[in-house]
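> give me coordinates for this.
(2 chains)
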Amino acid sequence: MTDSHLAQSARSARLQQLTQLATNQSTILVGVMILLTIVFSSLEPKFLSALTANNILTDWGSVALIAVGQTFVIISGGIDLSVGATIGLSGVVSAWTMANVLGVDQTIKGGEASGALLIGTLVSVAVGVLVGLTNAFLINRFKIVPFIATLSTMGAALGFSVIISKGAPIGSASNFALISAIDPKVNPFSWAVIVVIIVVVIVGLFLHKSRFGLYTYAIGSNSFAARAAGINVERHLTKVYVLSGALAGLAGMYVYLRLGAGSPSSGTGRELDAIAAVVIGGASLMGGVGRMLGTVLGALILFTVQSGLIMIGVAPDWKKVVVAVLIAAAVAVQTLQSKNRRTA
Amino acid sequence: MKTSKTVFAGIGVLAAASLALTGCTAAAEAPAEDEITIAFVMGAESDPFFQAMKVGAEEEAAAQGVTLVWQGDPKNYSAETQIPIVDAVLAEQPTALVLIPTDPTALQPSVDKALAAGVIVANVDTHVDDLSKVLTFITGDNGDGGAKAADAIAEQIGYTDGESYEVVVGLTSPTATTNVGRLDGFTAQVESKYPGISIVDVAYSESDPEKAATNVSNWLTKFPGLDGIFAIDGTNASGAAAALESKGLVGSVALVGYDAYPDNVAKIKSGIFTALIAQDPAAEARLAIKSIVEYIKTGKTSTAAEVVIPNVTLSGSTSDADFEKYTYVAN
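Residues are numbered from 1 along each chain as shown, chains lettered A, B, ... in the order given. Next up, the predicted model:
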């Protein structure tokens, strides 16, 4: 009795420790954001403007959605490599449906396009859910490790998007007002970005305030213990991968809105941006650790670096170097912090 | 022509079977000449340019009665993914290889390997460093296409000497020879004919239209008085068009794109593109296959070592017939 009590208090102390660590990580990330903003705007004064903020937020939107899903997957101890390809596939299927089933061509614009775009969104999310279900099926039924399972669905999604689109972007209904800054000079937010923020907040609360989130952490920390505690691990993982897929489908529609077309080459390599955002945000690829705020800030940092480098006229290849340094630094900070705590 | 033991045995069985069926002795040696297999390894399946090329390749292969093996990465235009594909295709011992090398240096060893194995090699669109043993190199005139893009931008902005103008160029990768050729042609034309135009920046999209849109959005912030954009391929064209639409700048910045993707051709008519420079990928593929078959059958080819197929400018004044002819179609 006292033993289990001790174990429990040790566990809650450890949980507190982890929470603290993650909070620190977020503080550091805000510091990095401020530092980057100071550096870039001192080199290019135009960087400090609503226009730049809009550019960064617009880029952030699609990756934020898949990074938020990826946060759940990584905390559960898995990885989802299929999200980038799902962006391309869901955008293509959605565009194909709007163009060929609804018969809507690219001359349908603005408010007129709302009906088609709404149906397009549903189709896009449905495609994402289907990819997520496939991932979960491969992982649960055939015990394929998530890396390989999602790598194969990634390949299949790539292939299907090229087959359906015949390689060319499919143009259909568009409404660029949804993706443009509400007031370019003052308000950098677009309606699409506001929707992304709402989704991120809801899913974030889901992770940190619900039993669903708690189970995700439990499975990622120790799936055997989670199973012993009565959690249906398979069913829970299915939900996690379906969530990740659905968010990737939503991201596919976001990119569609941005381009006014569904392109099979959209989303290329975006899964790596998402994973980078999650890791920079303080999650551990070993599972069990991670915060939604960290992921959101991590993604914001990625695109601040990207916009900043273009604005100061540095070769875009440097973005990769900067991101690599940030990832290494984020992991190093984590290791140092946990070592300090253990010795203290 | 090299044949593996299995293929050889297979041909033997087929020949024996046809002999048994027809009782005709002449059939015995015919298969050796008829079994022409042409492997065609292109850049990225998801690019409509290669889809249009595939249409031309399949038509010509059917017309010539040869087997076509069409291969390439589904999405990534990169040497890392292309090299293993070329290796795998060569393991099948084709008669000839038509290659669109994604990098002139990185694909050279693969071409050397093919030549050493007795495979006839042709390059289409882009080329490897050493063309001395390559049968022919057929390409669109990228330099000329770049120059035509400069002319189209100058016309749209109403270029006058003494004024100064800012333009940017969106590329896909710093090494693709088509990108380099177009940029060189564009730069040369600007320097000689339009000295008032300065190319203020270039950036890479890595084949992702969303990244192309990102580059253009940031440029529009950095250069508020931007006069023109040269989007060097279809991906950049799609991204740049979307960025102008979302910033509400259609018509106030001259946009000249490359490649006649159907979706982009429609945007010439709605005024988003000033012009599109189109190539004729199907014609390139047809000529490559025709030259190879001619070489196999006669030991020489009438095709020159380097063939340049001119590009055309599609704009608001282009006839519907030309729009139809040059728009990239897929099967």
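> so, low pLDDT: which residues of the stretch 151-300 of chain B?
Along the stretch 151-300 of chain B, no part satisfies pLDDT under 70.
> ok, which stretches of it are helices?
B:177-193, B:209-222, B:234-246, B:262-269, B:281-298 (DSSP state H, counting those that start in this stretch).
> again with the stretch 1-150 of chain A
A:2-43, A:50-75, A:83-96, A:114-141, A:146-165.
> ok, of the ones you listed, where does mean pLDDT dip lowest?
Of all these, the minimum mean pLDDT falls on helix A:2-43 (a mean of 79).
> circling back to that earlier point, so which of the helices of the stretch 1-150 of chain A is the most surrounded?
Of all the helices of the stretch 1-150 of chain A, helix A:83-96 carries the top mean neighbour count, a mean of 31, counting by mean count of other Cβ atoms under 10 Å in any protein chain shown. The C-beta positions use only the backbone N, C-alpha and C, and glycine is treated the same way.
> could you export that one as PDB, CA atoms only?
Extracted in PDB, the C-alpha atoms of helix A:83-96 (Å, rounded to 0.1, in the frame of the first residue of the first chain):
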ATOM      1  CA  VAL A  83       1.100  13.500 -43.800                       C
ATOM      2  CA  GLY A  84       3.000  15.400 -46.500                       C
ATOM      3  CA  ALA A  85       1.800  13.000 -49.200                       C
ATOM      4  CA  THR A  86      -1.800  13.100 -47.800                       C
ATOM      5  CA  ILE A  87      -1.800  16.900 -48.300                       C
ATOM      6  CA  GLY A  88      -1.200  16.300 -52.000                       C
ATOM      7  CA  LEU A  89      -3.600  13.400 -52.300                       C
ATOM      8  CA  SER A  90      -6.500  15.100 -50.400                       C
ATOM      9  CA  GLY A  91      -6.100  18.300 -52.400                       C
ATOM     10  CA  VAL A  92      -6.100  16.400 -55.700                       C
ATOM     11  CA  VAL A  93      -9.100  14.200 -54.800                       C
ATOM     12  CA  SER A  94     -11.000  17.300 -53.500                       C
ATOM     13  CA  ALA A  95     -10.200  19.300 -56.700                       C
ATOM     14  CA  TRP A  96     -11.100  16.300 -58.900                       C
END
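> now that helix and helix A:114-141, what's the angle there?
Relative orientation of helix A:83-96 and helix A:114-141, computed by axes from the mean of the first three to the mean of the last three Cα atoms, to 10 degrees: 140 degrees.
> hmm, back to that, possible to save the helices of the stretch 151-300 of chain B as a markdown table with distance to chain A and mean neighbour count?
Shown next, in a markdown table, are the helices of the stretch 151-300 of chain B (distance: least, Cβ to the nearest Cβ, whole Å; neighbours: other Cβ atoms under 10 Å in any protein chain shown):
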| stretch | distance to chain A | mean neighbour count |
| --- | --- | --- |
| helix B:177-193 | 14 | 20 |
| helix B:209-222 | 4 | 27 |
| helix B:234-246 | 4 | 29 |
| helix B:262-269 | 4 | 21 |
| helix B:281-298 | 12 | 21 |
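> same list (the ones you listed) but as TSV, adding distance to residue B:100.
Shown next, in TSV, are those (distance: least, Cβ to Cβ, whole Å):
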stretch	distance to residue B:100
helix B:177-193	9
helix B:209-222	21
helix B:234-246	15
helix B:262-269	21
helix B:281-298	9
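> host element of whichever residue of the stretch 51-200 of chain B sits closest to chain A?
Relative to chain A, the nearest point of the stretch 51-200 of chain B is residue B:51 (4.2 Å; Cβ to the nearest Cβ). Assigned by DSSP states H and E, residue B:51 belongs to helix B:48-64.
> starting at the chain centroid, how far to whichever helix or strand comes after that helix?
For helix B:48-64, the succeeding helix or strand toward the C-terminus, using DSSP H and E, is strand B:67-73. Taking Cα atoms, centre = their mean, to the nearest Å, one finds the center of strand B:67-73 at 15 Å from the center of the full chain.
> ok, and for the next helix or strand after strand B:67-73, which residues are buried?
Downstream of strand B:67-73, the first helix or strand assigned by DSSP H and E is helix B:79-91. Applying a neighbour-count criterion of 16 or more other Cβ atoms under 10 Å in any protein chain shown, one finds B:79, B:81, B:82, B:83, B:85, B:86, B:89, B:90 buried in helix B:79-91.
> avg pLDDT for helix B:79-91?
pLDDT averaged over helix B:79-91 gives 94.
> same check, this time on stretch B:60-68
For stretch B:60-68, mean pLDDT rounds to 95.
> quick check: end-to-end length of that stretch?
9 Å (Cα to Cα, to the nearest Å).
> and stretch A:169-187, by the same measure?
31 Å.
> equivalent analysis for stretch B:203-210, please.
End residues of stretch B:203-210 are separated by 13 Å (Cα to Cα).
> need the helices of the stretch 1-150 of chain A in CSV (columns: distance to chain B).
Shown next, in CSV, are those (distance: least, Cβ to the nearest Cβ, whole Å):
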stretch, distance to chain B
helix A:2-43, 11
helix A:50-75, 4
helix A:83-96, 8
helix A:114-141, 15
helix A:146-165, 5
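> quick one: name the residues of the stretch 51-200 of chain B near chain A.
Contact residues, the stretch 51-200 of chain B versus chain A (Cβ under 8 Å from any Cβ of the partner chain): B:51, B:74, B:75, B:76.
> which residues touch residue B:320?
Residues near residue B:320 by Cβ atoms under 8 Å, 6 or more residues apart in numbering or on different chains: none.
> what's the spacing between it and chain A?
As judged by Cβ to the nearest Cβ, to the nearest Å, residue B:320 and chain A stand 17 Å apart.
> tell me the pLDDT at that residue?
pLDDT, read off for residue B:320, is 88.
> and it, backbone torsions?
phi -60, psi -30 (degrees, to the nearest 10).
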